[in-house]
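K.L.:
Sequence first, then the predicted structure:
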Amino acid sequence: MGVEIAVVGIGNILLSDDGVGVLVLNKLKGRYELPGNVELIDGGTMGLDLLPFIEGKERVIFIDAVDFKAEPGTIGELNNSEIPHYFSSKLSVHQIALPDMIAAGQLLGTMPEEMCLIGIQPRTIETGYGLSPEIEGQVDGLIEKVINKLSGWGATLELSIDN
């Protein structure tokens, strides 16, 4: 069946572009059939509480809004040790806890062998539901990047019959 993989959407859907990780995760759920070794997890703003959900996984992909210091809509990828080191500038409260969760998991010896953060530079993180036009226009590109990463890890997603 392959290695155990978690795909975790992170963010607060009530803070505009900050909710992109959760919204992309929901689109993945609606569009694709998942192999049995891939679990989609709505991490929302769970932070440290997310640790039990990824323990036992061999690989994990986080999807989130990330301050890449780039134009809004820029998609980027961070791997393994790059992830906690990159959050010296926090966009929102859940990003404070993500490095803490990784550190706690490493201390306990329960973190996945491989981690990847696929992110997108937000335009705005302010109160309001829905993505800015720049981010909305890049959602399919973000989904494609997640699918390509999963494919590289040997997990193929099939379009759902409903689509």
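P.N.:
Yep, that arrived. As the structure is a computational prediction, the values presented were derived from the model and not from experiment. Residues are numbered from 1 along each chain as shown.
K.L.:
So residue 144 versus residue 127, what's the distance?
P.N.:
Using Cβ to Cβ, to the nearest Å, one gets 29 Å for the distance from residue 144 to residue 127. (Glycine included, C-beta is placed from N, CA and C.)
K.L.:
Same question for residue 100.
P.N.:
Using Cβ to Cβ, we find residue 100 at a distance of 25 Å from residue 127.
K.L.:
pLDDT value on the closest residue in space to residue 141 that isn't next to it in sequence, please?
P.N.:
Once flanking residues are discounted, residue 141 sits nearest to residue 75: 5.7 Å by Cβ to Cβ, 6 or more residues apart in numbering. Here, the pLDDT recorded for residue 75 equals 97.
K.L.:
And for residue 75, the neighbour number?
P.N.:
16 (other Cβ atoms under 10 Å).
K.L.:
on that earlier part again, more neighbours: residue 100 and residue 127, which one.
P.N.:
With neighbours defined as other Cβ under 10 Å, residue 100 and residue 127 compare such that residue 100 has more, 14 against 9.
K.L.:
How about that one, nearest residue that isn't a chain neighbour?
P.N.:
residue 48 (5.9 Å).
K.L.:
Now that neighbour, what are its backbone angles?
P.N.:
With angles defined as degrees, to the nearest 10, residue 48 sits at phi -60, psi -30.
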